[in-house]
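J.: model this:
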Amino acid sequence: MDVILNSTSLTYRVIGGLIDLYFFTGPTPEEVIRQYHEVIGFPAMPPYWSLGFHQTRWGYANISVLEQVIANYSAAGLPLETVWSDIEYMQNKFWTMEFDPYRYPANQMKALVDKLHARGQHWVAIQDAAIAADKGYKAFEEGTRDRVFITDHTGKDYLGQVWPGSTVYPDYLENPRTSKWLHDQLTNMYSQVPYDGLWLDMNEASNFCSGMQCQPNTASITAMHWLNVETPRDYNILELIPHRTTCQMTCKEGPADNLIENPPYKIHNFDNDMTTRQVSLATKTIAPSALHANGVKEYDAHNLYGTAMALEHHKAFIDITGKRPFLLTRSTFPGAGKFTAHWTGDNGVNWENIYVSIAGLINTNMWGMPMVGADICGFNDILFWDDKGKLSDSELQELCNRWASVGAFYPFSRNHYGYNTRSHEYYQWDDVTQSAKKAYTLRYQLLTYMYGAFYLANQKGGTVARPLLFTDPSDLGARNATKQWMMGDSLLISPVLTPGTSKIQAHFTAGNWYSAWDYSQLSVAKGQDVELNLPLGEIGVHFRGGAVIPMQQYAQVTRDIRLSAVTLVVTLPAEVATGTKGASGPLPPYYQEETCAAAHGKNAGQLVSCGVLYMDKGDNVLVTPDNTLQVWYTAVTSPDATSGTISSAVKSNAGDAAGKLRIEAVHILGAAAGQQTATAVVNGQTVTAKFDAAVGAFKLSGLDLVVGEPFSVNWSV
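T.: Reported below is the predicted structural model:
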């Protein structure tokens, strides 16, 4: 399908299927997205631990290298929640779901993963879509026996070529035999090494050959060698890569009069040299004439492969582990977010890709996959055949310094890079280490705030990362703020995205904004650009006025944060509540939530702030009022910001967080100047409070209030 947009029309040029048009009336942008998600399905709730920092690369050659990476992060004092294994863990010829006995012996991997689990860390393994068509390979032999693979137009298993050489493709589209086969293979893998998540890659589905039918080129000794050669034990695959990614098979193209292989209209689907962007539909993927078990041609189901794969893995994961799945997929379709997270694919090690990653976050959130991120510091340093545009070592260091700060505020935060890319784990440079420590310390303090945003998306649809314009659709300047994004309702991220830069012009919509670093206040009467001084190692992070934000103490693993003591940060807005819904101008944080909308309606003429604290076990499959803790907080403050109240509305009080999660402090930002020492009444008891005149913050500390029990604060300065 081609989609053509100009100033007067939107044109769809399709080569099959039906078009259903939906109109979502909003009226606000976030409500439009929620209405869309009601159609395609609400996003999956990610496990709590998955909000931590992840590290991987394609090419940690053996388990000793992986262990050293883990040790290096620990020695540097950097957080590391999850390590990942790319295709290097796979046995022999990249046999997915099986461990190489030399590089990654299963018994040694299990011992390593057991140690990770004991420390509160996790391990995720890659699963490629195509599997080796090799005798002796359990997954292939059992799949052949049970007829689980996609067939060509003659009924024979469709052969492609991917990393293992000759491959077949599991048929995930309404094939019950595939469900059982996948369950058996993943059960076998889990019994050897208990993975915490699965990474679904190459699932467009990718193919290094193109054609209606392909067979090994038995007439060529060279072609058969590169098709069948095993992975070197030392994992030095520089020579293998160009040969394995070049088609070594003989393939038949579809005849010109075959309208499935060659439809009369050529869509603009792909082109390496970007001249016409028109190539055969069979290029580097499964042939359109290939057949699924239910009789559907690949022509009609191609775009569903990645989502169908995610759906089947989602079901199997729950059944095998009994836990909430964490899946990450490259290929998606509307509705995929019900089952999986997403990353934006193989990006480049350059400044352009750090910038375009923001659009990737925002677009993917709108498409219903809020758990999304780009490969931090970039995947491809250079192309194997061309080093044009390669950054110098010092330029790479500066890029990674900035990207560490940016990536710390991706919903899904993972440093990942390719086989032929220079190492860029954060600990490779002292200054990058320090920048990462600073940015991730704040991220980890805000994990529960972020988790609440994911909960709302899971229950009602909507975004976690969103454009700044969502805070005030009437602000024309916000529509062009493409270098910033909001995380949830209340957090604005403003990074440096160009080299040699220490000052940026960041846009702020009308209202009060508070630095998340030091609480300093910025008041904006109407939307405008503001210069921020951000030397290397710094990133702009601001709380939006009108919010109640839960924060916790930093720890290096999320396990030690989830039930730690909470500080409620109340940010006072610039304008009083109007008491009416749909007023023009800025939209208050959580304006669309019932509790907050009611608070604004009941307290016209007062300053109203609102927010949610949500917690569950972190990996329970079902999320219900019977196993979750959900409390909404409302702060009502006098127009002169000299006095106010804070109250709670408990929606659910269950699960392992009930009775354990406690509030230790309350900080009210934007309060009017008062005496250095003041008093407040908390649940009927008078407590001492402190006014921090330097930043205008009213601080209550030394509290020990159980979240989920009655909560009320009366304060004045």
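J.: which stretches of the stretch 301-450 of the chain have low pLDDT?
T.: Where the stretch 301-450 of the chain drops to pLDDT under 70, the residues are 383-387.
J.: surely T344 meets T364?
T.: Yes. Counting by C-beta atoms under 8 Å, T344 touches T364, with 7.2 Å between them. Every C-beta, even on glycine, is put in place using the N, C-alpha and C of the backbone.
J.: Which one of those two is surrounded by more residues?
T.: T364 (26 against 21; other C-beta atoms under 10 Å).
J.: buried set for whatever helix or strand that one lives in?
T.: For T364, the host element (DSSP states H and E) is helix 351-366. Neighbour counts over helix 351-366 (16 or more other C-beta atoms under 10 Å) mark W351, N353, I354, V356, S357, I358, G360, L361, I362, T364, N365, M366 as buried.
J.: Give me the packing partners of that helix, helices and strands only.
T.: Applying 3 or more C-beta pairs under 8 Å, 6 or more residues apart in numbering; DSSP states H and E, we find helix 351-366 packed against helix 29-40, strand 372-373, helix 393-407, strand 465-466, strand 485-487.
J.: and for it, what are the contacting residues?
T.: 33, 36, 342, 344, 347, 370, 372-374, 378, 399, 402-403, 406, 410-411, 463-467, 482-485, 497-499 (C-beta atoms under 8 Å, 6 or more residues apart in numbering).
J.: Tell me where the stretch 251-400 of the chain has helices.
T.: 298-301, 305-321, 351-366, 393-407 (DSSP state H, counting those that start in this stretch).
J.: Tell me how far the last one lies from the chain's centre.
T.: Using C-alpha atoms, centre = their mean, to the nearest Å, the distance from the centre of helix 393-407 to the centre of the chain it belongs to is 20 Å.
J.: The helix or strand just after it pairs with which strands?
T.: Downstream of helix 393-407, the first helix or strand assigned by DSSP H and E is strand 413-415. The strands that strand 413-415 pairs with in its sheet are strand 53-55 (parallel), strand 375-376 (parallel) (by DSSP bridges).
J.: what sits against the residue most central in space within the chain?
T.: With distances taken as C-alpha atoms, centre = their mean, V372 lies nearest the centre of the chain, 2.1 Å away. Contact analysis of V372 by C-beta under 8 Å, 6+ apart lists A341, H342, W343, T344, G360, L361, T364, N365, Y410, P411, F412, A465.
J.: With V162 instead?
T.: D128, A129, A130, M202, S206, N207, F208.
J.: ok, the fourth one - contacts?
T.: So the one you mean is M202. Per C-beta under 8 Å, 6+ apart, neighbours of M202: D128, A129, A130, V162, W163, R330.
J.: So which of those residues belong to helices?
T.: Among the contacts of M202, no member falls in helices (DSSP state H).
J.: which other residues reach the top strand by length along the chain?
T.: Identified as the longest strand of the chain according to DSSP state E is strand 643-653. Here strand 643-653 makes contact (C-beta under 8 Å, 6+ apart) with 548, 568, 570, 595, 607, 625-626, 628-638, 666, 668, 708-717.
J.: which of the residues in it are buried?
T.: S643, G644, T645, I646, S648, A649, K651, S652, N653.
J.: Please name the nearest non-neighbouring residue to the fifth one.
T.: By that I understand S648. Leaving out its chain neighbours, the residue that sits closest to S648 by C-beta to C-beta, 6 or more residues apart in numbering is F711, at 3.9 Å.
J.: and that neighbour, how many neighbours does it have?
T.: With other C-beta under 10 Å as criterion, F711 counts 21.
J.: how about it, phi and psi?
T.: phi -140, psi 120 (degrees, to the nearest 10).
J.: Now do it against G659, distance only.
T.: According to C-beta to C-beta, to the nearest Å, F711 and G659 sit 14 Å apart.
J.: what stretches of the protein score poorly on pLDDT?
T.: In the chain (pLDDT under 70), the answer is 271-274, 383-387, 581-583, 675.
J.: now the helices for it?
T.: 29-40, 63-76, 106-118, 138-146, 176-192, 221-228, 240-244, 298-301, 305-321, 351-366, 393-407, 430-445, 447-460, 594-602.
J.: Can you get me a residue count around N480?
T.: N480: 11 neighbours (other C-beta under 10 Å).
J.: scratch that, T96
T.: 26.
J.: Test my guess that it contacts D128.
T.: Yes. Using C-beta under 8 Å, T96 is in contact with D128, at 5.1 Å.
J.: Mutual contacts of these two, please.
T.: I87.
J.: Look up how far V162 lies from the residue sitting furthest away from the middle of the chain.
T.: What lies farthest from the middle of the chain is A219; by C-alpha atoms, centre = their mean that is 46.1 Å. To V162, A219 is 22 Å away according to C-beta to C-beta.
J.: Ok, P47 next?
T.: Taken as C-beta to C-beta, the span from P47 to V162 is 29 Å.
J.: same check, this time on L456
T.: From L456 to V162 the distance is 39 Å (C-beta to C-beta).
J.: thinking again about what came up before, what is the residue nearest to the centre of the chain paired to in the beta sheet?
T.: Beta-bridge partners, per DSSP bridges, of V372: H342.
J.: out of the helices of the stretch 251-400 of the chain, nearest to E81?
T.: helix 393-407 (13.5 Å; C-beta to C-beta).
J.: gap between the closest residue to A439 other than its chain neighbours and T307?
T.: Spatially, and ignoring its direct neighbours in sequence, A439 is nearest to A408 (3.5 Å; C-beta to C-beta, 6+ apart). A408 sits 29 Å away from T307, going by C-beta to C-beta.
J.: Quick check: chain neighbours aside, which residue is closest to Y305?
T.: That would be A205: by C-beta to C-beta, 6+ apart, it lies 5.0 Å from Y305.
J.: what residues are up against that neighbour?
T.: So A205 contacts A129, A130, G160, Y169, T285, I286, Y305, G306, S331 (C-beta under 8 Å, 6+ apart).
J.: got the contact list for the third one?
T.: With contacts taken as C-beta under 8 Å, 6+ apart, G160 has the following neighbours: A130, S166, T167, V168, Y169, A205, N207, F208, C209, C214, I286.
J.: Neighbour-wise, give me the winner out of those.
T.: Result: T167 is most packed of those (other C-beta under 10 Å), 31 neighbours.
J.: Isn't it up against I131?
T.: Yes. With contact defined as C-beta under 8 Å, T167 counts as touching I131 (6.1 Å).
J.: and E253, how many neighbours does it have?
T.: 15.
J.: which residue packs closest to it, ignoring adjacent ones?
T.: Nearest residue to E253, sequence neighbours excluded (C-beta to C-beta, 6+ apart): G211, at 5.6 Å.
J.: Tell me who's in contact with the one you found.
T.: Per C-beta under 8 Å, 6+ apart, neighbours of G211: C251, K252, E253, G254, A282, A287.
J.: how does it look with 10 Å?
T.: Applying C-beta atoms under 10 Å, 6 or more residues apart in numbering, we find G211 in contact with 152, 159-160, 247, 249-254, 261, 280, 282-283, 287.
J.: and these, which are buried?
T.: D152, L159, G160, C247, M249, T250, C251, G254, E261, S280, A282, A287.
J.: Please name the residues that touch the closest residue to the last one other than its chain neighbours.
T.: If you skip the residues right next to it in sequence, A287 has M212 as its closest partner in space, 4.8 Å away by C-beta to C-beta, 6+ apart. Contact analysis of M212 by C-beta under 10 Å, 6+ apart lists 152-154, 158, 251-255, 258, 260-261, 280, 282, 287-290.
J.: Return the distance of M212 relative to L238.
T.: For M212 relative to L238 (C-beta to C-beta), the value is 33 Å.
J.: One more: N258?
T.: 39 Å.
J.: more crowded one of those two?
T.: For N258 versus L238, neighbours defined as other C-beta under 10 Å are more numerous around N258 (14 against 10).
J.: which non-adjacent residue is nearest that one?
T.: N258 sits nearest to S289 (C-beta to C-beta, 6+ apart), 7.1 Å away.
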